[in-house]
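Trainee: coords below, sequence missing:
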């Protein structure tokens, strides 16, 4: 569950939305458990469902989403700090288009192969390669821009 939540966060950049995406993925996995049970790689199947839930979440009209309020009713659970500069990483990932972000997270954070990533997203291996290259180029440009702004070289 923690791995699903972290990968959902990297995709959507919001812990609350990540929790919603994980919940939706679990519900879908439960409803289709017979298919999951027959899957050759259950982890990959679950990651595919999770990634598609996030992509579906992005397509939902804004008026059907929950509205956030200024005052939080209760305290959120503590989030473990595993990345030193999580805000910087989040900003870099937000600079990517949604499918590029999904490819980069699956390939380089979750360490899926090109073929596994293509299967998870339902796209060709060539698309995975091109989206990876474009996404990494965008990230390099963004990092280079941050270094020049900050005075570091």
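Mentor: Received it, and whenever you're ready, just let me know what you need. Owing to the predicted nature of the structure, the values given are computational and were not obtained by experimental measurement.
Trainee: Only C-alpha atoms from now on, for both contacts and neighbour counts.
Mentor: Will do.
Trainee: Show me what the lowest-mean-pLDDT helix or strand in the chain is packed up against.
Mentor: Every helix and strand in the chain was compared by mean pLDDT, DSSP states H and E; the lowest is helix 86-94, with a mean of 78. Secondary-structure packing of helix 86-94 (3 or more Cα pairs under 8 Å, 6 or more residues apart in numbering; DSSP states H and E): helix 2-12, helix 125-150.
Trainee: what about the closest residue in space to residue 4 that isn't next to it in sequence, which SS state?
Mentor: The shortest distance from residue 4 to any non-neighbouring residue, by Cα to Cα, 6 or more residues apart in numbering, is to residue 22 (6.6 Å). When classified by DSSP: H, G, I helix; E, B strand; the rest coil, residue 22 comes out as helix.
Trainee: Any figure for the gap between residue 22 and residue 7?
Mentor: For residue 22, the distance to residue 7 equals 10 Å [Cα to Cα, to the nearest Å].
Trainee: who's more crowded, the two?
Mentor: residue 22 (27 against 22; other Cα atoms under 10 Å).
Trainee: Would you confirm that that one contacts residue 3?
Mentor: No. Counting by Cα atoms under 8 Å, residue 22 sits too far from residue 3 to count as a contact (10.2 Å).
Trainee: which other residues reach stretch 15-30?
Mentor: 4-6, 8-9, 12, 36, 46, 49-50, 53-54, 57 (Cα atoms under 8 Å, 6 or more residues apart in numbering).
Trainee: For the residues you listed, which two are the farthest from each other?
Mentor: Greatest spatial distance in these: 12 and 36, 24.5 Å, computed using Cα to Cα.
Trainee: hang on, the earlier thing: where do the contact lists of residue 22 and residue 7 overlap?
Mentor: Contacts common to residue 22 and residue 7, judged by Cα under 8 Å, 6+ apart, are absent.
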